[in-house]
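Visitor: Give me a model of this one.
(one chain, ligands or ions: 1)
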Amino acid sequence: MTDLLTAVPTCIEHERLAFALLEARTRGQYLTRLRTLSRDERAELDRRERKALASLVDHELEHGCNG
Ligand SMILES: [Zn+2]
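Guide: Residues are numbered from 1 along each chain as shown. Reported below is the predicted structural model:
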């Protein structure tokens, strides 16, 4: 029997974090197109995107995976 944990080619956690980043970016772009955002709203969106990116990079460094 093959060990499923070592045989999985992609990292599920990496995919989850990559998706969260994509979602944060998409939401920011969508809201920006929809209406004019206040400075606070823009800052909040920017903060979320940075956090998502940082989580993804941290995970890659810790886990050694690259998608
Ligand atoms: Zn990983």
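
Visitor: only C-alpha atoms for contact and neighbour calcs from this point on.
Guide: Noted.

Visitor: what residue is smack in the middle of the chain?
Guide: residue 21 (2.4 Å; Cα atoms, centre = their mean).

Visitor: measure that one to the ion for me?
Guide: Going from residue 21 to the ion by Cα to the ion, to the nearest Å gives 15 Å.

Visitor: residues in contact with that residue?
Guide: Neighbouring residues of residue 21 by Cα atoms under 8 Å, 6 or more residues apart in numbering: 49, 52, 53, 56.

Visitor: again, but for residue 45
Guide: 24, 28.

Visitor: what's the answer for residue 57, then?
Guide: Going by Cα under 8 Å, 6+ apart, the list of residues near residue 57 is empty.

Visitor: Most neighbours out of the contacts of residue 21, which is it?
Guide: residue 56 (23 neighbours; other Cα atoms under 10 Å).

Visitor: Next, count neighbours for the closest residue to it other than its chain neighbours.
Guide: Distance criterion Cα to Cα, 6 or more residues apart in numbering; nearest residue to residue 56, sequence neighbours excluded, is residue 17 at 5.5 Å. Neighbourhood size, residue 17 [other Cα under 10 Å]: 18.

Visitor: Verify the stated contact: residue 17 with residue 52.
Guide: Yes: with contact defined as Cα atoms under 8 Å, residue 17 and residue 52 form a contacting pair (6.9 Å).

Visitor: In the protein, which helix is the longest?
Guide: Taking DSSP state H as the criterion, the chain has its longest helix at helix 39-63.

Visitor: What average pLDDT does that one get?
Guide: Averaged across helix 39-63, the pLDDT comes to 96.

Visitor: cool, and stretch 20-36?
Guide: Computed over stretch 20-36, the average pLDDT equals 94.

Visitor: Pull out the buried residues from that stretch.
Guide: 20, 21, 24, 25, 28 (16 or more other Cα atoms under 10 Å).

Visitor: what's the answer for stretch 53-66, then?
Guide: In stretch 53-66, the ones that count as buried by 16+ other Cα under 10 Å are 53, 55, 56, 57, 59, 60.
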